[in-house]
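Q: Provide a 3D model corresponding to the input given below.
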Amino acid sequence: IFQERHGVNIPRQQMVQWIEHIAGLLRLIVDRMWQRMKQGNYLQIDETPVRVLDPEVKGKAAKGYLWFFGVPGGDVILVFDMRRSYKVLDEHLGGFAGFFQSDAYEVYEVLSKKRPGIKRLGCAAHARRKFYDAALEGNRQAIWFIGRFRQLYRIEDEVRELSPEERQAVRQARAPQIWAEMKIRAEELKAAFLPKSSLGKAVNYFLNEY
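A: Sure thing, here's the model as predicted:
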């Protein structure tokens, strides 16, 4: 881009060195973000695969992972790592105690078991996605669940401008009945569908996370 637009040829290695220098200057800010984030008692965590050009892997891109650590309305830190293992969480969550919300990937369960001061919470968005996949395959039973998730999300839309205490009060007044209806229906359907069917997977995921 520098060459084509501006007629300036800057070696790639030179630009990499610039970025490395800038990253070093920003390290203090990132460390402070981590410190503030872990002072709280609630985190959201997720990981997603990314393709990387690794000089040690010839002829194809390697697979790495971007780990997301965040607080709603606050900081979000992305950590790149070639590993999708418990060690990534262990290395970055030292000193944190409280709750974290994630999908049901097994390493998150390991974190809860090995760190007594940390407890995992399930994620409604991931549970809904399973039912959405089943609905795409034409399963009408899944549409009922999606409708109930819509009711839960509608509550969140209505309380968005309220204080945290007021939001919690509204949720406690209206959400438990919806969750209870979903649990009853899921337990009824569990025996009616094969575990490996799309709805069977959705129902089992929901009940395990409930």
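Q: how many other residues sit next to Glu91?
A: Around Glu91 sit 11 other residues, with neighbours defined as other CB atoms under 10 Å. C-betas here are computed from N, CA, C, even on glycine.
Q: so it is in which element?
A: helix 86-92 (DSSP states H and E).
Q: got the contact list for that helix?
A: 34, 45, 47, 65, 67, 69, 79, 81, 107-108, 110-111, 114 (CB atoms under 8 Å, 6 or more residues apart in numbering).
Q: what comes into contact with the strand of greatest length in the chain?
A: In the chain, assigned by DSSP state E, the strand with the most residues is strand 42-52. Outside strand 42-52, the residues that touch it by CB under 8 Å, 6+ apart are 37, 61-72, 80, 82, 84, 88-89, 93, 96, 98-103, 105, 108.
Q: Kindly report the same for stretch 143-159.
A: Contacts of stretch 143-159 (CB under 8 Å, 6+ apart): 124, 127-128, 131-132, 135, 166-167, 170-171, 174-175, 178-179, 181-182, 185-186, 202, 206.
Q: show me the contacts for Ile22.
A: Applying CB under 8 Å, 6+ apart to Ile22 gives no contacts.
Q: That one: which element?
A: Using DSSP H and E, Ile22 falls in helix 12-39.
Q: Find the centremost residue of the protein, please.
A: Nearest residue to the geometric centre of the chain (CA atoms, centre = their mean): Asp46, 3.0 Å.
Q: Pairing partners for that one in the sheet, please.
A: Phe68 (DSSP bridges).
Q: what ranges do the strands span in this protein?
A: For the chain, the strands defined by DSSP E cover 42-52, 62-70, 76-81, 98-101, 118-121.
Q: Okay, angle between the second one and strand 76-81 too, please.
A: Same thing as strand 62-70. For strand 62-70 against strand 76-81, the angle by axes from the mean of the first three to the mean of the last three CA atoms, to 10 degrees is 160 degrees.
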